[in-house]
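A.B. asks: Please find the sequence and the predicted model below.
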Amino acid sequence: MISNLINDPIDIVYLWCDGNDPSFLREKNLALKHWGCPSSDSETGRMRYEDNDELKYSLRSVFTYLPWINHIFIISNKQTPSWLQENPQISIIDHSDIIPSELLPTFNSITIEMYIDQIPNLSEKFLLFNDDMFVNAHLPETFFFNKDKPIVRLVRDYNKWQFSSFKEAQQALSNNNISVHRKTMINSWLLYCSNHKKIEPFYILTHTIDAFTKTTFKQVLNIYPELKLFNRTPFRTSNNIQRILFQLEMQKSLGCELKIEKKLPFLAKKLPKFYKNKINCFEGTECEKTWCRIKNLNPKMFCLNSARDASPETKIASKNLLNELFPTPSIFEKLSNK
């Protein structure tokens, strides 16, 4: 059983939805029609919302490797996983419990993230997960927190994503070949640099598990009211501001330690045995190459992104990998699903 053995409790917050649920699809399609959004692009299509039981395996990873976790909150839109067993250590939080009614329904994870500090009874320290993020090694609470401050983990890509001026970054925003996700990070960087009146290094998220405190979270919201002003759309758009702005400001002015995680080294791809167990954060899209790297490198944390138009065989292979890595059912699963 998960038990918190430290003085300061640390909770987990998950963002989760079941995009296969007919009720969810109806509500999403109505919102798409109302907002005039396309229904099949990378921001609104099936890939972004489909459920392949990732949450079940993510909870298994937490149960196995983070026994000190205090409580788990799952934010969803009037949904509960069919396999989830009622447990005093898990609470389902509906969007309407924390997000203003005028912003609902929302299918934008960026919007949802702006209100996680409103979760009732959330501990001061917490970790933020997506349902496709997994813990793959025993990690102490000091991996995520330095005393009372979160540790910020970011990636700096020296080869591709460095801007020498605001103009250069703004030109990138008009480039149709740059993804919406990347543009939301550029928006964050521009706002961050404007606030500090200088060009700062351009970092990207590790896209794994991030640590926060409610205090630092609220401080960043107070510094940047734009976070809620520009993150009101029901689907992600290139005008949104990515939550990397929290990490940037936390390490800049709020006393949080910055740890720079390197992109997967070239040699790690060619000689994985020399990097086995040495990679903290790994992100990949579900495919044979990603599955092999996860098994060969054994990263401490990883994110397994859904592939666009993935075949049923790919989905089965991804689930088989997760079942191989996390075979032991957690106490959060119904007996019939174990």
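C.D. replies: Sure thing, it's come through. Numbers count the residues shown, from 1 in each chain.
A.B. asks: Tell me where the model's unsure across this structure.
C.D. replies: 1-7, 38-42, 158-160, 265-269, 337-338 (pLDDT under 70).
A.B. asks: Number of residues surrounding residue 206?
C.D. replies: 24 (other C-beta atoms under 10 Å). Every residue, glycine included, has its C-beta placed from N, CA and C.
A.B. asks: That one: what's it in contact with?
C.D. replies: Contacts for residue 206 (C-beta atoms under 8 Å, 6 or more residues apart in numbering) come out as 153, 154, 155, 261, 280, 281, 283, 301.
A.B. asks: what's the closest non-adjacent residue to it?
C.D. replies: Spatial nearest neighbour of residue 206, chain neighbours left out: residue 281 (4.0 Å); criterion: C-beta to C-beta, 6 or more residues apart in numbering.
A.B. asks: and the one you found, how many neighbours does it have?
C.D. replies: 23.
A.B. asks: cool, and the one 10 residues further on?
C.D. replies: Burial measure for residue 291: 19 neighbouring residues, criterion other C-beta under 10 Å.
A.B. asks: so it touches residue 318, yeah?
C.D. replies: Yes: with contact defined as C-beta atoms under 8 Å, residue 291 and residue 318 form a contacting pair (7.4 Å).
A.B. asks: Next, the buried residues of stretch 248-263.
C.D. replies: For stretch 248-263, the buried set under the neighbour-count rule, 16 or more other C-beta atoms under 10 Å, comprises 248, 249, 250, 251, 254, 256, 261, 263.
A.B. asks: Could you do stretch 182-201 as well?
C.D. replies: Here stretch 182-201 shows 182-193, 195 as buried, counting by 16+ other C-beta under 10 Å.
A.B. asks: same question, stretch 294-304
C.D. replies: Buried residues in stretch 294-304, counted by 16+ other C-beta under 10 Å: 294, 297, 298, 299, 300, 301, 302, 303, 304.
A.B. asks: From one end of it to the other, what's the distance?
C.D. replies: Length of stretch 294-304, first residue to last, C-alpha to C-alpha, to the nearest Å: 9 Å.
A.B. asks: List the contacts of it.
C.D. replies: With C-beta under 8 Å, 6+ apart as the test, stretch 294-304 has contacts from 54, 130, 132-137, 139, 143, 206-209, 264, 268, 272-273, 275-286, 290, 318, 321-322, 325.
A.B. asks: From the chain's centroid, how far away is stretch 26-42?
C.D. replies: 23 Å (C-alpha atoms, centre = their mean, to the nearest Å).
A.B. asks: in it, what's buried?
C.D. replies: 27, 28, 31, 32, 37.
A.B. asks: In helices, which of the contacts of stretch 294-304 appear?
C.D. replies: Among those, DSSP state H puts 54, 268, 290, 318, 321, 322, 325 in helices.
A.B. asks: you'd agree the first one is up against residue 61?
C.D. replies: Translated: residue 54. No: in this structure, residue 54 is not within contact of residue 61 by C-beta under 8 Å, at 10.3 Å.
A.B. asks: Kindly provide the distance from residue 154 to residue 224.
C.D. replies: Distance of residue 154 to residue 224, given as C-beta to C-beta, to the nearest Å: 17 Å.
A.B. asks: residues in contact with residue 117?
C.D. replies: So residue 117 contacts 214, 217, 218, 221 (C-beta under 8 Å, 6+ apart).
A.B. asks: same question but for residue 9, I mixed them up
C.D. replies: Residue 9 neighbours (C-beta under 8 Å, 6+ apart): 70, 71, 123, 124, 125.
A.B. asks: what two of those residues are the furthest from one another?
C.D. replies: Spanning the widest gap among the contacts of residue 9 are 71 and 124, at 12.3 Å by C-beta to C-beta.
A.B. asks: And the two? Which one has more around it.
C.D. replies: More crowded of residue 71 and residue 124, by other C-beta under 10 Å: residue 71, with 20 against 15.
A.B. asks: That one against residue 11, yeah?
C.D. replies: Yes: if you go by C-beta under 8 Å, residue 71 and residue 11 touch, sitting 4.7 Å apart.
A.B. asks: Overlap of the contact sets of the two?
C.D. replies: Counting by C-beta under 8 Å, 6+ apart, the common neighbours of residue 71 and residue 11 are residue 123.
A.B. asks: Please report the distance of residue 77 from residue 98.
C.D. replies: Distance from residue 77 to residue 98, by C-beta to C-beta: 12 Å.
A.B. asks: was I right about residue 308 contacting residue 47?
C.D. replies: Yes: with contact defined as C-beta under 8 Å, residue 308 reaches residue 47; the gap is 4.9 Å.
A.B. asks: These two - which one has more neighbours?
C.D. replies: Neighbour count, other C-beta under 10 Å: between residue 308 and residue 47, residue 47 has more, with 18 against 13.
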